[in-house]
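In: all I have is the shape, not the residue letters:
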């Protein structure tokens, strides 16, 4: 039972355009969401997060949107750069459970074409 | 560099053997989490320790165990290894507020 789903295994975007990565979740108890970026042979790197009390969080070129009613979040990268090419993981946690253990999606591989 | 260190980077061993993976959290972080990333399963939570005590358990096999020491470093012990245990094992740590985890570079375990 996959509680966090990233339905697009891959995405290609031209340099300078917007990249939109999507994530759906099924567990309504999740209240904190994060995006991680991962290069081959490295650990996941934290990018941006959002609490369930917000619907948008912005950090530089990265913006995360949360739609609680649809149980959907998205990561927007504007403008996309070749260095953004990596695998992006969506993750969720249920902070109220006393542990911030993360449930991950399977990732979307983003390729930014120069 | 996240500040989380893991050793060794690579480990090759045989079925039936036992290995120990080590993790040092970021300075000041009390929580350590272990995750397994296999090809077909993605990143899966194994276990969490907070200040030396087990806090949460995920899909961790009985052949696996972990502990966190007084200096807050953690070890993940994998025994009676099987081919299917071949995976990347990541450690993450978080500050006392706990909501963001920072990951180490991982240990790649290959069981032959």
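Out: Yes, it's here. Note that the structure is a prediction, hence the values are computed from the model and not measured.

In: low-confidence bits of chain B, can you list those?
Out: Residue ranges of chain B with pLDDT under 70: none are present.

In: how about the residues of it near chain A?
Out: Contacts of chain B with chain A, taken as C-beta under 8 Å from any C-beta of the partner chain, map to B:2, B:4, B:6, B:31, B:33, B:35, B:42-45, B:48, B:55-56, B:58, B:90, B:92, B:94, B:98-106. Backbone N, C-alpha and C define where each C-beta goes, glycine included.

In: mind listing which of the residues you listed are in strands?
Out: B:6, B:31, B:33, B:35, B:42-45, B:48, B:55-56, B:90, B:92, B:94, B:102-103 (DSSP state E).

In: confirm that residue B:76 sits in a helix.
Out: No: assignment of residue B:76 by DSSP: H, G, I helix; E, B strand; the rest coil gives strand, placing it outside any helix.

In: which residues touch it?
Out: B:20, B:21, B:23, B:34, B:46, B:47, B:64, B:65, B:66, B:89, B:91 (C-beta atoms under 8 Å, 6 or more residues apart in numbering or on different chains).

In: one more pass at 7 Å, please.
Out: Listed by C-beta atoms under 7 Å, 6 or more residues apart in numbering or on different chains, the contact set of residue B:76 reads B:21, B:34, B:64, B:66, B:89.

In: tell me the SS of the fourth one?
Out: With three-state DSSP as the basis, residue B:66 sits in strand.

In: tell me the residues of chain A that contact chain B?
Out: Within chain A, the positions adjacent to chain B are A:32, A:34, A:42-44, A:46, A:49, A:89, A:95, A:99-102, A:104, A:106-107 by C-beta under 7 Å from any C-beta of the partner chain.

In: let's see it at 8 Å
Out: Proximity of chain A to chain B, by C-beta under 8 Å from any C-beta, involves residues A:32, A:34, A:36, A:41-46, A:49, A:51, A:89, A:91, A:93, A:95, A:97-107.

In: so how do I select the buried members of the residues you listed in PyMOL?
Out: To isolate the buried members of those in PyMOL, using 16 or more other C-beta atoms under 10 Å in any protein chain shown:
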select buried, chain A and resi 32+34+36+43+44+45+46+49+89+91+93+95+99+100+101+102+103+104+105+106+107
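
In: tally of neighbours for the closest residue in space to residue B:34 that isn't next to it in sequence?
Out: Spatial nearest neighbour of residue B:34, excluding adjacent residues (C-beta to C-beta, 6 or more residues apart in numbering or on different chains): residue B:46 at 4.3 Å. Using other C-beta atoms under 10 Å in any protein chain shown, residue B:46 has 21 other residues around it.

In: my read: residue B:46 touches residue B:64, true?
Out: Yes: counting by C-beta atoms under 8 Å, residue B:46 does reach residue B:64; the two are 6.8 Å apart.

In: what about the nearest residue to residue A:15 once chain neighbours are set aside, how many neighbours?
Out: Counting by C-beta to C-beta, 6+ apart, residue A:114 is the residue found nearest to residue A:15 once chain neighbours are left out, at 5.1 Å. Other residues lying near residue A:114 total 8 when counted by other C-beta under 10 Å.

In: state the distance from the most centrally placed residue in chain B to chain A.
Out: Centroid check for chain B by C-alpha atoms, centre = their mean gives residue B:34 as the closest residue, at 3.4 Å. The gap separating residue B:34 from chain A is 10 Å, by C-beta to the nearest C-beta, to the nearest Å.
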